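Enquirer: Predicted model follows, preceded by the sequence.
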Amino acid sequence: MEQNRSIGMSDRMAGAGPYALAERVIGWLLYSSVFISCCAFSLTVETYLLAGLPVSLPMAVFAFLATMFTYNLSSVQSVLRHPGQPTYRHSTVFSQRNKKLLAALGVVSIAAAAVVYISFGLRMNNWLLLHLALISIGYTVPIAYKARKVKPLRSVPLLKVFLIAYVWAAVTALFPLMQAGMLAWEPAALWLFLRRFLYILALALLFDIRDYAYDRSTNTLTIPGWIGVRNTKLLSLGLLLIYMLILLNTEQGVVLLALLSSAAAAAVVVCLSSENKPRVYYALLADGAMLLHAGLVYLAMA
């Protein structure tokens, strides 16, 4: 009986190997910002499809790389400011265990983005590109002004989610259209921008819900801290409802059905969200709603 028991334990350990490996791979995809960068790539491709324009893969790759840099910028900043800091290999926080690797990933990403931008002659309004870059950097990095350190933009009360939605909508909706030769103020471009802004804003509110307890401990005023978690969820659902009403007036056929379905799926994620949900819920499902959004459009137009 003891021998059989040992064999059973060995089998369970062997079975745990692939599971542990899969868990590690998923963790890397989520917390190294590869997954969220794939979402930016897919939404950029979706914009071309919705506008009936040829897909520019270099533009989609640029969006992927720019997102990768932005989301790893805090690690880049930390390593540059304190290059000799120890590596917390036993920390439960992924970014603490892999800070130097994430910083390297961020630096490689922005260098590769510059190469793609120059090599493929991407056409974007330089002023739009510059101010989005300043917002993205200022969102994470404190700015020194007259010997005083100004807090990063993410610390400005109630501003965080609007900045996130604005930058994402500009990069994944306006950039592709401008690359294709469309003007940013054309009605078709503005409608796509507004739709993307509303959809991302509805999802961005969930991350304020996730960070509700932490933001309260640091006295950072966010939407949930102002109106409460329940009302924040209602606000998110209201934004999705407005988004769906706009869809009814701007899309039709299977594409409309695909977009409405993705909005309904996002609404389910909103309804199930709470400040007690694990971080993986938001990293996988809230961000994954963007991937589903693009995937359904691709299937509808295939």
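Expert: Arrived safely.

Enquirer: going forward, measure contacts and count neighbours with C-alpha atoms only.
Expert: Fine.

Enquirer: Show me which residues of the helix or strand harbouring L129 are buried.
Expert: L129 is part of helix 126-140 when elements are defined by DSSP states H and E. Buried residues in helix 126-140, defined by neighbour count with 16 or more other C-alpha atoms under 10 Å: L132, I135, S136, I137, G138, Y139, T140.

Enquirer: I'd assumed W168 was in contact with the first one.
Expert: What it means is L132. No - counting by C-alpha atoms under 8 Å, W168 is not a contact partner of L132; they are 9.6 Å apart.

Enquirer: Closest one of the buried residues of helix 126-140 to K100?
Expert: T140 (17.0 Å; C-alpha to C-alpha).

Enquirer: Would you mind listing the buried residues in whichever strand or helix holds V254?
Expert: Element membership for V254, per DSSP H and E: helix 253-272. Of the residues in helix 253-272, 255-267, 269-270 count as buried by neighbour count, 16+ other C-alpha under 10 Å.

Enquirer: Among these, which one sits closest to L153?
Expert: V270 (25.1 Å).

Enquirer: contacting residues for the closest one?
Expert: L203, L206, K233, S236, L237 (C-alpha atoms under 8 Å, 6 or more residues apart in numbering).

Enquirer: any idea how far S32 is from it?
Expert: Using C-alpha to C-alpha, to the nearest Å, one obtains 24 Å as the distance from V270 to S32.

Enquirer: Kindly report the same for L153.
Expert: Taken as C-alpha to C-alpha, the span from L153 to S32 is 22 Å.

Enquirer: quick one: low-confidence ranges for the chain?
Expert: 1-17, 84-93, 95-96, 143-149 (pLDDT under 70).

Enquirer: what comes up buried for the helix or strand following the helix holding V254?
Expert: Using DSSP H and E, the helix or strand that follows helix 253-272 towards the C-terminus is helix 279-281. By 16+ other C-alpha under 10 Å, the buried positions in helix 279-281 come out as Y281.

Enquirer: Give me the residues contacting stretch 186-205.
Expert: Against stretch 186-205 from outside (C-alpha under 8 Å, 6+ apart): 47, 51, 161-162, 164-166, 168-170, 173-174, 177, 182-184, 223, 232-233, 235-237, 239-240, 242-243, 246-247, 263, 266, 270, 286-287.

Enquirer: Type out the PyMOL command that picks the buried ones from those residues.
Expert: Restricted to buried positions by 16+ other C-alpha under 10 Å, the PyMOL selection for the contacts of stretch 186-205 reads:
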select buried, resi 47+51+161+162+164+165+166+168+169+170+173+174+177+184+223+232+233+235+236+237+239+240+243+247+263+266+270+286+287
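
Enquirer: So what does the nearest residue to Q179 once chain neighbours are set aside have for phi and psi?
Expert: Take Q179 and drop its neighbours on the chain: the residue closest to it by C-alpha to C-alpha, 6 or more residues apart in numbering is R123, 4.9 Å away. Dihedral angles of R123 (phi, psi; degrees, to the nearest 10) stand at phi -100, psi 110.

Enquirer: since we're on R123, how many residues are nearby?
Expert: 16 (other C-alpha atoms under 10 Å).

Enquirer: one step back: looking at L153 and S32, which one has more neighbours?
Expert: A side-by-side neighbour count of L153 and S32, using other C-alpha under 10 Å, places S32 first with 23 against 19.

Enquirer: what helix or strand is the residue lying closest to the more buried one once chain neighbours are set aside on?
Expert: Leaving aside its chain neighbours, S32 sits nearest to L102 (6.6 Å; criterion: C-alpha to C-alpha, 6+ apart). Here L102 sits within helix 99-119, counting by DSSP H and E.

Enquirer: For that helix, name the packing helices and strands.
Expert: helix 57-71, helix 73-81 (3 or more C-alpha pairs under 8 Å, 6 or more residues apart in numbering; DSSP states H and E).

Enquirer: what's K100 in contact with, if anything?
Expert: Residues counted as contacts of K100 (C-alpha under 8 Å, 6+ apart) are S75, V76, V79.

Enquirer: From the chain's centroid, how far away is the helix holding V254?
Expert: Distance, stretch centre to chain centre, for helix 253-272: 18 Å (C-alpha atoms, centre = their mean, to the nearest Å).
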